[in-house]
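got a predicted structure here, sequence first:
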Amino acid sequence: MKKEDLFKQWEELKTKEEDIDCIILYIHMPTGEEEVIVNPNVVDKMQYIGKTYNDDLIHANCKDIYITDVIFSVNDDSCMDFEEALALMKEGHKVKLPSWGGYWSWDQEKETVIMHTKDGEDLDIRETQRVGYTLENILSDEWQIANEENCPQLGGEATFSFGFAIKYLRRGFKVARKGWNGKKQYIQLATGISYKTADGDIVNCEHDAIGNMAIAFCGTSGVQMGWLASQADMLADDWMFVEEENNDSSKY
């Protein structure tokens, strides 16, 4: 890939008014290893690439650092805002957010939204005990029609793409792939990262591109900081929440 091709791809996505979640860069390092960088600040990162890499996407200050592949993570076109979702509910459709096990529907007689939770409860939205969380849902632009494929309460599974997984990580949730073997395996966003030197000093890590953050993989053997997504992970649509009692998103 040439830098010209990369920027052409980016311009085409902007022309189509695609909602780009993040840019994923595969970078060959001087050690011979490949580093994967996931950055939601696409504009800043593209400007950095334009200034720092040559036409062959080789770093201006080191010929052994070069970009081997780039992926733009784009929102699912099937998603909509709540105004659209409400209109569909009034037409008789069921709607949900990607991670939900349940769904919302419209009650014509009561003229209100009924929240059908993953546990089989039917709640009038006017009686919600979690006003803040309910309002956050209403403000979301990730609504989709609930059906037998994407909604557990209707016989399907609540999974989402890697783009959504990145969003949920940034919101503090734990996510995992359905295909991962270990039940206790998941990733989450770690912040405030530091390390202890040999002489006992505490040093705070600060990366030019991602700041003081990293994705941590948690499994039965411990925690791996700086987890790198594979091509399969980034292209998969079987991401899901790790359910916890304090995970509001798993309520529905």
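Perfect, thanks for sending it.

from residue 187, how far out is residue 39?
Residue 39 sits 16 Å away from residue 187, going by CB to CB, to the nearest Å. (Each C-beta comes from the backbone N, C-alpha and C, glycine too.)

which one's more surrounded, the two?
residue 187 (24 against 16; other CB atoms under 10 Å).

any stretches of the stretch 101-250 of the chain with poor pLDDT?
182-183, 205-211, 243-250 (pLDDT under 70).

which residues pair with residue 66 across the strands?
residue 28, residue 58 (DSSP bridges).

could you give the number of residues near it?
Residue 66 - counted by other CB under 10 Å - has 16 other residues nearby.

how about it, what does it touch?
By CB atoms under 8 Å, 6 or more residues apart in numbering, the contact set of residue 66 is 27-28, 53, 56-59.

who wins for neighbours among those?
residue 57 (23 neighbours).

now do the helices in this structure.
Under the criterion DSSP state H, helices of the chain are mapped to 3-15, 42-52, 82-90, 131-138, 162-170, 231-235.

how many residues are close by residue 134?
18.

tell me the spacing between it and residue 124.
11 Å.

do residue 114 as well
6 Å.

which residues do these two both contact?
With CB under 8 Å, 6+ apart, residue 114 and residue 124 have common neighbours residue 107.

neighbour count winner among those two?
Neighbour count, other CB under 10 Å: between residue 114 and residue 124, residue 114 has more, with 16 against 12.

hang on, the more buried one packs against residue 108?
No. With contact defined as CB atoms under 8 Å, residue 114 and residue 108 do not form a contacting pair (10.6 Å).

quick check: end-to-end length of stretch 203-218?
Using CA to CA, to the nearest Å, the span of stretch 203-218 from its first residue to its last is 23 Å.
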